[in-house]
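# Fold the following.
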Amino acid sequence: QVQLVESGGGLVQAGGSLRLSCAASGTIVHISAMGWYRQAPGKQRELVATIRGGATTNYADSVKGRFTISRDNAKNTVYLQMNSLKPDDTAVYYCNADVKTLIPGGYRYLEVWGQGTLVTVSS
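Residues are numbered from 1 along each chain as shown. Here you go, the predicted model:
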């Protein structure tokens, strides 16, 4: 079993900053990619940012220049630094990881999701 646990959400005023963290635990052999997605009320879940390996990043146009994704491979942890927050960034933020895990007799590849952390940006 592999679990992702997010932290760092909360209430912030527009223009402020928050840093989200997501730590993976369990029988992990390798994590190829980690990312953040978000879901606002009444909307579909959307990609925010992903990071593959240690340096290949991808961002939604709406957060480019404001959000930075980073990763500590030794800790199996991914971060999302969010600056210049806007009310439109209000959503539940979910961590995601593509994980190679050890099972009896071999390996298994999983896509794992965290439980989500709420970010609320007030105007």
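# C-alpha from now on. contacts and neighbour counts both.
Fine.
# Identify the residues contacting the spatially most central residue of the chain.
The centroid of the chain falls nearest to residue 36 when counting by CA atoms, centre = their mean (2.9 Å). Applying CA atoms under 8 Å, 6 or more residues apart in numbering, we find residue 36 in contact with 47, 48, 49, 50, 80, 93, 94, 95, 96.
# Who wins on neighbours among these?
residue 95 (30 neighbours; other CA atoms under 10 Å).
# Do I have it right that that one meets residue 4?
Yes: here residue 95 reaches residue 4: they are 7.0 Å apart, a contact under CA atoms under 8 Å.
# shared neighbours of those two, anything?
Counting by CA under 8 Å, 6+ apart, the residues touching both residue 95 and residue 4 are 22, 113, 114, 115.
# Now a ChimeraX select for only the buried ones of those residues.
To isolate the buried ones among these in ChimeraX, judged by 16 or more other CA atoms under 10 Å, type:
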select :22,113,114
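# show me what contacts residue 26?
Shown in contact with residue 26 (CA under 8 Å, 6+ apart): 1, 2, 3.
# For residue 85, state which of those residues is nearest.
Checking the contacts of residue 26 against residue 85 with CA to CA, the nearest one is residue 3 at 27.9 Å.
# And that closest one, which helix or strand is it part of?
Element membership for residue 3, per DSSP states H and E: strand 2-7.
# Who does whichever helix or strand comes after that strand pair with, and is each partner parallel or antiparallel?
Using DSSP H and E, the next helix or strand after strand 2-7 towards the C-terminus is strand 10-13. Sheet pairing of strand 10-13 (DSSP bridges) gives strand 117-122 (parallel).
# Give me the residues contacting the strand it pairs with.
6-14, 85-94.
# again, only this time at 7 Å
For strand 117-122, contacts defined as CA atoms under 7 Å, 6 or more residues apart in numbering pick out 6-7, 9-14, 85-87, 89-94.
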